[in-house]
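Colleague: structure for this input, please:
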Amino acid sequence: MHVVIAWWDGTRGAVSGTARTDRSGEAGFGPGAAASFAGEYPGLRDGQWIDEPVAGWEGLALIWDCADSADLFLPVISEQTFGCAPSHRWAFELDDAPSTPGDPGMHPAELELLLRA
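Modeller: Numbers count the residues shown, from 1 in each chain. Below you'll find the model as predicted:
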């Protein structure tokens, strides 16, 4: 699995005029919510909205099948969601964990643990 953690500095988009500031009406948008487009892009397994309110950052933690899929579709997701490229981006490979039958993927608690590690 290829994991991408991308952060957007809220002030950067506001200065350039590209920030999407009013997301209150969007279903599924917000910290702790599953990324609503997980399934729209080939190779995207799972996603989670993340935020750092003290720093004024919002972001996404995305789990991909491979780096090629992430490289191809992250710019599209970035533009669609935030109107600009991420301020910060980290990517790393994570070995696939054995799954149990009927398991839909990484559970929110597992993703939260991964993000805080």
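Colleague: mind saving the C-alpha coords of the longest helix seen in the chain as CSV?
Modeller: Ranked by residue count, the top helix of the chain under DSSP state H comes out as helix 67-82. Only the C-alpha atoms of helix 67-82 are listed here, as CSV (Å, rounded to 0.1, in the frame of the first residue of the first chain):
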residue,chain,number,x,y,z
ALA,A,67,2.4,5.3,-6.0
ASP,A,68,1.5,5.7,-9.7
SER,A,69,-2.2,6.0,-8.8
ALA,A,70,-1.5,8.6,-6.1
ASP,A,71,0.8,10.6,-8.5
LEU,A,72,-1.9,10.5,-11.2
PHE,A,73,-5.0,11.4,-9.1
LEU,A,74,-3.8,13.4,-6.1
PRO,A,75,-3.5,16.6,-8.2
VAL,A,76,-7.1,16.1,-9.4
ILE,A,77,-8.3,15.6,-5.8
SER,A,78,-6.3,18.6,-4.6
GLU,A,79,-7.8,20.9,-7.2
GLN,A,80,-11.4,19.5,-6.6
THR,A,81,-11.2,19.7,-2.9
PHE,A,82,-8.9,22.6,-2.0
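Colleague: low-confidence stretches in this protein?
Modeller: 11-36, 38, 96-117 (pLDDT under 70).
Colleague: cutoff 50 now
Modeller: Low-confidence regions of the chain, defined by pLDDT under 50, span residues 13-29, 98, 100-101.
Colleague: all helices of this structure, in order?
Modeller: 10-16, 67-82, 108-116.
Colleague: that older thread, hmm, who's touching the longest helix of the chain?
Modeller: With contacts defined as Cβ atoms under 8 Å, 6 or more residues apart in numbering, helix 67-82 is touched by 2, 4, 6, 8, 13, 18-20, 37, 41-44, 58, 60, 62, 64, 84-86, 89, 91, 93. To be clear about C-beta, it is placed using only N, CA and C from the backbone, and glycine gets the same treatment.
Colleague: quick one: buried ones out of those?
Modeller: 2, 4, 6, 8, 13, 19, 37, 41, 43-44, 58, 60, 62, 64, 84, 86, 89 (16 or more other Cβ atoms under 10 Å).
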